[in-house]
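> Next come a sequence and a model predicted from it.
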Amino acid sequence: MSRIVYVNGEYLPEGDAKVSIFDRGFLFADGVYEVTSVLDSKLIDFDGHAVRLERSLNELGMNHPIPKDDLLEVHRELMRRNDLTEGMIYLQITRGADADRDFVYPSEDTPNTIVLFTQAKNLKDSPMVAKGMKVISIEDQRWGRRDIKTVQLLYPSMGKMMAKAANADDAWMVEDGAITEGTSNNAYIVKGNRIITRHLGNEILHGITRAAVLRFAKSAQMEVEERAFTLDEAKAADEAFITSASTFVMPVVEMDGQPIGTGKPGSVALRLREIYLDESLKAAV
Ligand code: PMP
């Protein structure tokens, strides 16, 4: 079945959607994106994603081409047209297409390119929850503004390939001995009854799921410590997990071929997953 996608104000069959070869997203990775998950035909934390999108656009000096209410309507229309009940909606905004290739930004009246499309996927009942993820550690070789959600995803893509070659599910990235984050998720360990995850800064993406999970953990009287943690600490942890919009909270059971804790999904991760799903569904739009 061909999807209906959204490109610059139009809903089109995916095969008819076109973007210029001079688009700066294509030539310079000059664009930002968001991924919002859909459960029971509703958007999870749409507001959080819209706010982060605005911040990414601001940080890159890009125009805000579409008001939040209109963006919500495009998400809903795409869900309706594609009968999407569970999965993700991908949104990308680039600085648009100049008349030629030029490092210098085009004038501000150059229209942005806006693309949205749906991805149907079984998110809630992922088989990974019962198994837990295997991760490897790799050097973090990304640029220095990881807090901006840009479409420069080549290194994360290389990281996923390194994980695949090692028969693992993902990679956690290490900088100066400390874990920054997963290739497409935030990273956590649990030691004693303490949940430890890296503090916010330019070194990691400020996950929307991270913010919600930490809020729920604190309301459930769990202890949270936001600080850098080392690879050795991760290997010696009682349990580990990741968060992202499409995986929610997912247990991690192995690091570099060694089991973490019991080598089974941990109780803190599983409890947080349950709380996250309950609370987010209640607030979904
Ligand atoms: N870190 C990175 C590098 C990511 O790519 C993502 C997901 N896009 C996240 C963290 C998780 O962010 P969110 O919870 O907003 O999906």
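Structure received.

> isn't residue 181 right next to residue 198, touching?
Yes - look at residue 181 against residue 198 with Cβ atoms under 8 Å: they come within range, at 6.7 Å. Just so you know, the C-beta spots here come from the backbone N, C-alpha and C atoms, and that holds for glycine as well.

> which neighbours do the two share?
187, 204 (Cβ atoms under 8 Å, 6 or more residues apart in numbering).

> Quick check: beta-bridge partners of the residue in the stretch 1-150 of the chain that the ligand sits nearest to?
Going by Cβ to the nearest ligand atom, the ligand is nearest to residue 35 of the stretch 1-150 of the chain, at 5.8 Å. Beta-bridge partners for residue 35, by DSSP bridges, are residue 90.

> Could you do residue 244 as well?
residue 248.

> wait, isn't it in contact with residue 187?
No - at 10.4 Å, residue 244 and residue 187 do not qualify as touching, with contact defined as Cβ under 8 Å.

> more neighbours, these two?
Set residue 244 next to residue 187 and count neighbours by other Cβ atoms under 10 Å: residue 187 wins out with 25 against 20.

> from memory the more buried one sits against residue 242, does it?
Yes - distance between residue 187 and residue 242: 5.8 Å, which falls inside the contact criterion (Cβ under 8 Å).

> so what sits against both of these two?
residue 252.

> Domain-wise, how is the chain divided?
In the domain annotation for the chain, the residue ranges read 4-120, 128-283 (automatic domain parsing).

> hmm, the longest one in reach of the ligand?
Yes - contact between domain 128-283 and the ligand is present through 181, 184-186, 205, 207-210, 243-245 (criterion: Cβ under 6 Å from any ligand atom).

> pLDDT (mean, whole number) over that domain?
For domain 128-283, mean pLDDT is 98.

> Counting by contacts, list what the helix ranked longest in the chain packs against.
What stands out as the longest helix in the chain, according to DSSP state H, is helix 267-283. When contacts are defined as 3 or more Cβ pairs under 8 Å, 6 or more residues apart in numbering; DSSP states H and E, helix 267-283 sits against strand 31-39, strand 186-191, helix 208-219, strand 239-244, strand 248-255.

> what comes up buried for the host helix or strand of residue 136?
Residue 136 is located in strand 133-139, with elements delineated by DSSP states H and E. Counting neighbours by 16 or more other Cβ atoms under 10 Å, one finds that the buried residues in strand 133-139 are 133-138.

> quick revisit: more neighbours: which of residue 181 and residue 198?
For the pair residue 181 and residue 198, the greater number of neighbours falls to residue 181 (26 against 19), based on other Cβ under 10 Å.

> any idea how far the closest residue to residue 251 other than its chain neighbours lies from residue 207?
Sequence neighbours aside, residue 265 is the residue nearest to residue 251 in space, at 3.5 Å (criterion: Cβ to Cβ, 6 or more residues apart in numbering). When Cβ to Cβ, to the nearest Å is the yardstick, residue 265 and residue 207 sit 20 Å from each other.

> now do residue 97
With distances taken as Cβ to Cβ, residue 97 is found 31 Å from residue 207.

> residues contacting residue 188?
Residues in contact with residue 188, defined by Cβ under 8 Å, 6+ apart, are 195-197, 240-243, 269.

> ok, so of these, who is nearest the ligand?
So of the contacts of residue 188, ranked by how close each gets to the ligand (Cβ to the nearest ligand atom), first place is residue 243, at 5.6 Å.

> Around that closest one, how many other residues sit close by?
Other residues near residue 243 number 27, with proximity taken as other Cβ under 10 Å.

> these two touch, right, it and residue 213?
Yes - when contacts are counted by Cβ under 8 Å, residue 243 is listed as touching residue 213 (5.2 Å).

> who touches both of the two?
Common contacts of residue 243 and residue 213 (Cβ under 8 Å, 6+ apart): 249, 276.

> secondary structure class for residue 54?
Using DSSP: H, G, I helix; E, B strand; the rest coil, the structure places residue 54 in helix.

> Residue 62 is in contact with that one, correct?
No - Residue 54 sits out of contact with residue 62 when judged by Cβ under 8 Å, with a separation of 10.1 Å.

> what about residue 130, distance to residue 269?
Residue 130 is 12 Å from residue 269, by Cβ to Cβ.

> Pick out whichever of the two has more residues nearby.
residue 269 (24 against 11).

> wait, what's in contact with that one?
Under the criterion of Cβ under 8 Å, 6+ apart, the contact partners of residue 269 comprise 188, 190, 239-241, 249-252.
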